[in-house]
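In: Here is my input, please return the structure:
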Amino acid sequence: MPTKFKGTAKEKRALNAYICLRRSAESVLMGMSKKIDLGGVTVTQFSVLESLYHIGASRPGEIAAKMFMSCGNITYVLDKLVEKGLIDRVPNPKDRRSFVVDLNPNGKTLVEAHLQSYVDKISDIMNVLELQELNSLREITRKLGLAAVRF
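Out: Residues are numbered from 1 along each chain as shown. The predicted structure follows:
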């Protein structure tokens, strides 16, 4: 449904594109949440675990920036992962005033057990796009994301 905003044609195009992007992203996230077993964690929690699996121990602020989450939201997600026994908070070796979070053996096992089904689900959802469309989507969303960071 197009916007009812009474602005310029350029503003309406931008707003309509934003609405489509937002709805699409929410639909993909909802699709990821359906019928996928991630070992008792949410898609968001698994995304954080998967990030730690690939990049290693990180400060909460770094994870929040990488995941486009607020500091409050990442704190909540990390607290839940600590409660589930999947990550550990350890003193930051570079700065004693802060800490880093890292996967513990339970978290690593969970990621390794469910990573393929997670990737399969993403692939299933993205399969509606042709290769050229996937490449275009990646380029466009990256360009948009980099531009948005400047504001």
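In: care to break this protein down by domain?
Out: As given by automatic domain parsing, the domain ranges for the chain are 1-34, 37-149.
In: for these, which one ends up most surrounded?
Out: A comparison of these by mean neighbour count, using mean count of other Cβ atoms under 10 Å, puts domain 37-149 on top with a mean of 14. Where C-beta positions appear, they are placed from N, C-alpha and C, glycine not excepted.
In: Off-centre distance for it?
Out: 6 Å (Cα atoms, centre = their mean, to the nearest Å).
In: hang on, the earlier thing: and the domains of the chain, which one averages the lowest pLDDT?
Out: Confidence, taken as mean pLDDT, is least for domain 1-34 of the domains of the chain (a mean of 87).
In: Longest strand in this structure, please.
Out: Using DSSP state E, we find that the single longest strand of the chain is strand 95-103.
In: Could you pull up the contacting residues of the residue nearest the centre of the chain?
Out: Nearest to the mean C-alpha position of the chain, by Cα atoms, centre = their mean, lies Met67 at 4.6 Å. Residues near Met67 by Cβ atoms under 8 Å, 6 or more residues apart in numbering: Thr44, Ser47, Val48, Ser51, Ile74.
In: any idea how far the second one is from Lys35?
Out: Between Ser47 and Lys35 the distance, using Cβ to Cβ, to the nearest Å, works out to 17 Å.
In: Need the three-state assignment for Pro91.
Out: strand (DSSP: H, G, I helix; E, B strand; the rest coil).
In: so it makes contact with Phe99?
Out: Yes - with contacts defined as Cβ atoms under 8 Å, Pro91 counts as touching Phe99 at a distance of 5.6 Å.
In: Show me how far the host helix or strand of Ser27 is from its chain's centre.
Out: Element membership of Ser27 [criterion: DSSP states H and E] is helix 9-33. Between the centre of helix 9-33 and the centre of its host chain there is 16 Å, according to Cα atoms, centre = their mean.
In: In PDB, list the C-alpha atoms belonging to the next helix-or-strand element following it.
Out: Next along the chain after helix 9-33, taking DSSP H and E as the criterion, comes helix 43-55. Extracted in PDB, the C-alpha atoms of helix 43-55 (Å, rounded to 0.1, in the frame of the first residue of the first chain):
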ATOM      1  CA  VAL A  43      16.800 -15.800  15.800                       C
ATOM      2  CA  THR A  44      18.300 -12.600  17.300                       C
ATOM      3  CA  GLN A  45      20.100 -14.600  20.000                       C
ATOM      4  CA  PHE A  46      21.400 -17.000  17.400                       C
ATOM      5  CA  SER A  47      22.600 -14.200  15.200                       C
ATOM      6  CA  VAL A  48      24.600 -12.900  18.100                       C
ATOM      7  CA  LEU A  49      26.000 -16.300  18.800                       C
ATOM      8  CA  GLU A  50      26.900 -16.800  15.200                       C
ATOM      9  CA  SER A  51      28.600 -13.500  15.100                       C
ATOM     10  CA  LEU A  52      30.700 -14.400  18.100                       C
ATOM     11  CA  TYR A  53      31.400 -17.800  16.500                       C
ATOM     12  CA  HIS A  54      32.900 -16.100  13.400                       C
ATOM     13  CA  ILE A  55      34.600 -13.000  14.900                       C
END
